[in-house]
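> would you be able to build a 3D model of this:
(chains A, B and C)
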Amino acid sequence: MGRYIVRRLLQMIPVFIGATLIIFLMVYALGDPVTALFGDRSPDPATARALRAEFNLDKPLWHQYLLYMGKIFTGDFGTAFNGQPVTDLMRHAFPISLRLAVVALVLEMLIGIALGVVTGLRRGRAVDTTVLVLTLVVIAIPTFVLGTTAQYFLGVKLGWIDPAVGPDAPFNQLLVPGLILCLVSLAYVTRLTRTSVVENARSDYIRTAVAKGLPRSRITVRHLLRNSLIPVVTYLGADIGTLMAGAIVTERIFNIQGVGYQLFQGILRQNSPTVVGFVVVLVLIFLIANLLVDLLYAVLDPRIRYA
Amino acid sequence: MPDQARQPLGAQEDATAEGLTAGASEATPEPGAPHGLWTDAWHDLRRNPVFLVSALLILFLVLVALWPGLIATGDPNHCELIRSLEGPSAGHWFGFDTQGCDVYTRTVHGARASITVGVCATLGVALLGAVIGGLAGFYGGFWDAVLSRLGDIFFGIPMVLGAIVFLSMVSLGGIWPVVLIIAALGWPQIARIARGAVITAKQNDYVQAARALGASNTRMLLRHILPNAVAPVIVMATIMLGTFIALEATLSYLGVGLRPPTVSWGVDISAASDGMQFRNAPHILLYPAGALSITVLAFIMLGDAVRDALDPKLR
Amino acid sequence: MRGSIHLTMALACATALSLTATACGSTPADAGAGDRVVRASWGDPQHPLEPANTNEVQGGKVLDMIFRGLKRYDPKTGKAKNAMAESITTDDQQNFTITLKKGWKFSDGTPVTAASYVDAWNYGANAKNAQVSSYFFQFIDGYDAVHPADEDAEPTADTLSGLAVKDEHTFTVRLSEPFSLWPETLGYAAYSPLPQSFFDDHDAWLDKPVGNGPYRIDSYRPSQSMKLVKNKHFAGADKPKNDGVELRVYTDNNTAYTDLQAGNIDLVDDIPASQLANAENDLGDRFINQPAGIIQTVSFPLYDEDWQGADAAKLRKGLSMAINRKEITSKLYHDTRTPATDFTSPVLGKDGGYKKGLCGEACTYDPDRARELIEEAGGLPGGKITITSNVDTGSHRQWMDAVCNSINNALDKSKACTVNPVATFADFRNRVSGHKMTGMFRTGWQMDYPLIQNFLQPLYYTDGSSNDSGYSSSRFDDLVNRANAASDEGEAIGLFQDAERQLAKDLPAIPLWYQNGTGGFSDRLSDVRLNAFSVPVFTDIKVD
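The predicted structure follows:
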């Protein structure tokens, strides 16, 4: 077990370097960010040069990358163009997005698994068909349409929620954004659980349990659910990273100043320290979440032992 | 025994796939009936109403995508601002959008770009993912680690983010950059599933037997392992197809997707949603979004039917 | 440390989520605001909040509240009036003596002196400080030494030789050449004075800027919100009629607008174009729509061979006449834009140089004549033309589509004109200033100060700082030079208008429409208006 964890941790290093390099190259390829700082005016050469020097943009690409990576290990993620250290932005943005991701994750887990089990047990019946159509609608309609519509009707017409989330982003304000954010994942979870439940419902141990005359609820929860959840858990683990970063659209609609907002802003302003810094942390979260899921898997399925 | 020591690790990493493949792997036909699985599946499908309906629908959509002029003779790019947001009327059943373009014509002509993006991106993702994931699962060991970590790198970069950066970078417009970036960032998801499915299949007695009998790697992969890995990939891919068509709309919303004169549902949906213009004129959102939903529905139903047909346990 | 607390909170709340959804919310967003505080929408400023380092509206909005310079533009008329200046005198339009009013203080209690100005201007001009608005000081003698034009040259001086402190309340300015209207430019934020603390502890100052304006910053959470309260040391006439302002950052104007409808915010300026159809219904008389000093144009790449020569001029005129400005401004913009008929803005007024109809036939919609002209000119280069603009901000996509459709309809070809959207402003500006355009591209101008000079010289003078089309006309340059040196204002404006007529002939850019400032406010507020720069006049706003 210990050796396995060490090996996985070691494997993270090349992944980490690879991901940062790719995103660094991509942001770099976007072009020179300095011109835009001058608005509609042509950049003034002397000021532009001073700005390039300040952000290390005057150095060759490999040098910029080394300087950047070197600084990261000392905890310095550079400075955004508006003069704020990227670490300050992170300190504020990550807790907010984490909260949003947790809300989304809890919702997709509760609703997704419940729907999945119900449809799996009632395969082919009206409930199944209805949920199929609903998940489909959710997949087919882009998040921004659902988001703006929900915001308008719940926030303005009905007045049930605040259309925009405050700077502190408390949990109660994140419920609707979290629901909007998790809808697509919710559809996946529902379908995954359904498939899994259908498979397992025909397995020998369930048949045995039924034959033994165990109560229906006990069979569903103790036997069926536990075994059906394994693929779902994997999916949810991988989803944490996606939820945190994929919130660009949701965060924009509901004015949540989290990771997606900072990333989008960073891209628009071609601010590589912000974009690379945030992605670096996201990749780390993603890798650690994956590892945790793998370990959790051993808990759920006693057949699995790590060498 | 090194192979067995790795097996649980492989299986758990791709749990997503296990639930989906478990059934398929056990009841594969004996080597004596070469096309058994596929013949059986086809036999099944022909009598499945869900399959027939979705296949007909997809056929229709593909025809519309290829020859939109057959049912909409107008020019989708002919717009008269004076008719902005006019509601449905005779001769213009779907009304006019903000720019005064005919919504019916645009919805029909939008099929081509949207379906191309959806289908091509899904094909790209499925091929890349199945090949890389399959190889990783089949060979295991060092190559498995390398390919899986490579997948992690691409999976770690958020799709929307990567797409914005890449598309702003190339700024060519058109369908292919969109397809390319979706395929480049979407394959790891399929790869994980394919890898898991292959590892599970590899452990089966009949595969072990084939290996003992001296079957070549290629033969084992193609004849024994591939058929078992196909089902979970198809299920995932059909769901992904829908999200890709919707993703194209999101990219347009963020200003990096398709651009005129290309007509697509995504472009029209994002234009209609900008500032909730559909509040006063729901028809500008309803028709492109409806067309998109029907397309996604058709592909998911098809995927479901094919999956069921490939899974003998559900027969 | 703080991060880990958040995390614990998050987990604790997540567990309780399904039971008591609201229990974990912290204070509601509006609880901290005082009774008579204006809650207004804001955008994240692009630059640190230094006066000479701010060139966009969002940063400018704050500077306008916390600083007061020598002049201030009247919120109603746009005329430059003395604010901190007692007098600005000159005999030769080149040497100015500036006397300050006495008794002014920064919000930290230190006095505002002549040195506060001279030090601030020297700081802003120096290339070492990399201030994006340095060019405002380019008229002052000695600018070349502190801010060399050449990219690789180092500054040879630290201070502007044209500035000299005479006594605590007097300083003199020598310009490098005569510029009669120069005092009128002094209302721009870049000319604000700076307190000593700016130079002593720059980082601390940036965390919470200190100025001499009607408000002072109470708290600032970068990229989220800012709270401003009355500055009790403010010596100007326009003391705030409310208790303060809370600015909240919105990423998307649409959200700010939705929040206004829900009553969570009091004031939104710049309503997104796509919401305008709803705005009048939603807001009634709480919808603001008033002229501002903004003109939208499309320019041509005159550095490209296709766009040079007499035929190309005819082609440009034809394209201009193919655009149905009236239909676009009414259908898409619901009359928050007005079709442009000259190169300036109505906010200048007749006396300031605005002349309706100066552009003449070229700015009049006439599709038949347009097609004739384009055919006479040999058709579009390669049979096609594009309009390029960034689409990340400012709802540009809609009008670009509409302009193209208008041109296509005039030519009766559906794909002759196509839109070429660019995802980011940065990318767009790189292409424009790198002279990489091949077709029409968006240019717009928001005035820095309400002078006709500001609408012409930076944009069309040979090598002007925003001359994106690469236009160069010796006649135009000559007229502008003569206008700047003229001592009589009427004469100067006449010469500027002659220069403008040259533009109407050459058409390096086609005027599209004058843009109004738009906004909306809640029923808590009254006396809300925008100034000529489309920024709300916060000091006048009353809160019930």
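> use CA for all of it now, contacts and neighbours both
OK.
> next up, the contacts around C:V146.
C:125-127, C:155-160 (CA atoms under 8 Å, 6 or more residues apart in numbering or on different chains).
> return the residues of the stretch 1-150 of chain A in contact with chain B.
The stretch 1-150 of chain A comes close to chain B at residues A:11-12, A:15-16, A:18-19, A:23, A:26-27, A:29-31, A:133, A:136-137, A:139-145, A:148-149, as judged by CA under 8 Å from any CA of the partner chain.
> let's see which of those end up in strands.
Of the residues of the stretch 1-150 of chain A next to chain B, none are assigned to strands by DSSP state E.
> keep those, but drop any that are not near chain C.
A:30-31.
> circling back to that earlier point, grab the two from the contacts of C:V146 that are most spread out in space.
Farthest pair in those (CA to CA) is C:A125 and C:T156. Separation: 12.7 Å.
> which residue, other than its chain neighbours, is closest to B:L147?
B:A136 (6.1 Å; CA to CA, 6 or more residues apart in numbering or on different chains).
> A:A140 now?
Distance criterion CA to CA, 6+ apart; nearest residue to A:A140, sequence neighbours excluded, is B:S293 at 5.0 Å.
> part of a helix, is the one you found?
Yes. Applying DSSP: H, G, I helix; E, B strand; the rest coil, one finds B:S293 inside a helix.
> right, and it touches A:T135 too?
No. Between B:S293 and A:T135 there is no contact under CA atoms under 8 Å: 10.7 Å.
> re earlier: just the buried ones from the contacts of C:V146?
Neighbour counting with 16 or more other CA atoms under 10 Å in any protein chain shown marks C:125-127, C:155, C:158-160 as buried within these.
> from these, pick the one nearest C:R475.
For those, the residue nearest C:R475 by CA to CA is C:A125; the value is 30.8 Å.
> coming back round to it: of the residues of the stretch 1-150 of chain A next to chain B, select the buried ones using a ChimeraX command.
A single ChimeraX command selects the buried members of these (16+ other CA under 10 Å):
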select /A:12,15,16,18,19,23,26,27,30,31,136,137,139,140,141,142,143,144,145,148,149
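> quick one: the helices in chain A?
A:2-29, A:45-54, A:61-72, A:86-121, A:126-140, A:143-150, A:171-201, A:204-211, A:216-218, A:226-245, A:248-253, A:259-268, A:272-300 (DSSP state H).
> lowest mean pLDDT across those, which one is that?
Note on the helices of chain A: helix A:226-245 shows the lowest mean pLDDT, a mean of 76.
> quick check: buried residues in it?
Buried, per 16+ other CA under 10 Å, within helix A:226-245: A:227-245.
> now stretch C:393-402
Across stretch C:393-402, burial judged by 16+ other CA under 10 Å covers C:396-402.
> any part of it near chain A?
No. Applying CA under 8 Å from any CA, one finds stretch C:393-402 separated from chain A by no less than 9.5 Å.
> restricting to C-alpha, output that stretch in PDB.
Extracted as PDB, the C-alpha positions of stretch C:393-402 are listed here (Å, rounded to 0.1, in the frame of the first residue of the first chain):
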ATOM      1  CA  THR C 393     -16.500  42.800 -24.300                       C
ATOM      2  CA  GLY C 394     -18.900  45.400 -25.500                       C
ATOM      3  CA  SER C 395     -21.500  43.300 -27.500                       C
ATOM      4  CA  HIS C 396     -19.700  44.100 -30.700                       C
ATOM      5  CA  ARG C 397     -20.900  40.900 -32.500                       C
ATOM      6  CA  GLN C 398     -24.400  42.200 -33.100                       C
ATOM      7  CA  TRP C 399     -23.600  45.400 -34.900                       C
ATOM      8  CA  MET C 400     -20.900  43.800 -36.900                       C
ATOM      9  CA  ASP C 401     -23.400  41.200 -38.200                       C
ATOM     10  CA  ALA C 402     -25.900  44.000 -38.900                       C
END
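> near chain B, anything from it?
Yes. Judged by CA under 8 Å from any CA, stretch C:393-402 comes into contact with chain B at C:398, C:401-402.
> and of those residues, the nearest to C:F67?
Once CA to CA is applied, the member of those that ends up nearest C:F67 is C:Q398, at 36.6 Å.
> that closest one should be in a helix, yeah?
Yes. The assignment for C:Q398 is a helix, going by three-state DSSP.
> distance from stretch B:223-235 to the middle of the chain?
Distance of stretch B:223-235 from the chain centroid (CA atoms, centre = their mean, to the nearest Å) equals 16 Å.
> avg pLDDT for it?
Averaged over stretch B:223-235, pLDDT sits at 76.
> flag every buried residue along that stretch.
B:224-235.
> tell me the one of the contacts of C:V146 nearest chain B?
C:A127 (30.9 Å; CA to the nearest CA).
> quick check: phi and psi at that closest one.
Dihedral pair for C:A127: phi -60, psi -30, per degrees, to the nearest 10.
> give me the phi and psi for the residue nearest to B:L147.
Main-chain dihedrals, B:A136, degrees, to the nearest 10: phi -60, psi -40.
> residues contacting the closest residue to chain C within the stretch 201-307 of chain A?
The stretch 201-307 of chain A approaches chain C most closely through A:L268 (5.3 Å), counting by CA to the nearest CA. Going by CA under 8 Å, 6+ apart, A:L268 touches C:392, C:423-426.
> quick revisit: so which of the buried ones among the contacts of C:V146 also contact chain A?
Within these, those near chain A by CA under 8 Å from any CA are C:A127.
> and the stretch 201-315 of chain B, which residues reach chain A?
So the stretch 201-315 of chain B meets chain A at B:239, B:242-243, B:245-247, B:249-250, B:253, B:270, B:273, B:276, B:289, B:292-293, B:296-297 (CA under 8 Å from any CA).
> leaving out the residues flanking it, which one is nearest to C:H47?
In space, and not counting its chain neighbours, C:H47 is closest to A:N82: 4.1 Å by CA to CA, 6+ apart.
> ok, that neighbour - contacts?
C:45-48.
> chain neighbours aside, what residue packs nearest to the residue in the stretch 101-250 of chain B that chain C sits nearest to?
Across the stretch 101-250 of chain B, the shortest distance to chain C (CA to the nearest CA) belongs to B:S168, at 5.5 Å. In this structure, B:S168 finds its nearest non-sequential neighbour in C:A423, 5.5 Å apart by CA to CA, 6+ apart.
> can you give me the pLDDT of the one you found?
pLDDT for C:A423: 78.
> which residues does it contact?
Neighbours of C:A423 in contact, by CA under 8 Å, 6+ apart: A:268, B:168, B:171, B:254-256, C:390-392.
> so how many other residues sit close to the nearest residue to B:A121 once chain neighbours are set aside?
Spatial nearest neighbour of B:A121, chain neighbours left out: B:V179 (4.8 Å); criterion: CA to CA, 6+ apart. Residues near B:V179, counting by other CA atoms under 10 Å in any protein chain shown, number 22.
> who touches B:V179 in this structure?
B:V179 neighbours (CA under 8 Å, 6+ apart): B:117, B:120-121.
> of those, closest to chain A?
Comparing the contacts of B:V179 against chain A with CA to the nearest CA places B:V117 closest, at 14.0 Å.
> what about C:H47, distance to C:R68?
Remark: distance between C:H47 and C:R68 (CA to CA, to the nearest Å) = 20 Å.
> who has more neighbours out of those two?
Remark: of C:H47 and C:R68, C:R68 carries more neighbours, 25 against 20, as counted by other CA under 10 Å.
> tell me the phi and psi of that one?
Per degrees, to the nearest 10, the backbone of C:R68 is at phi -140, psi 120.
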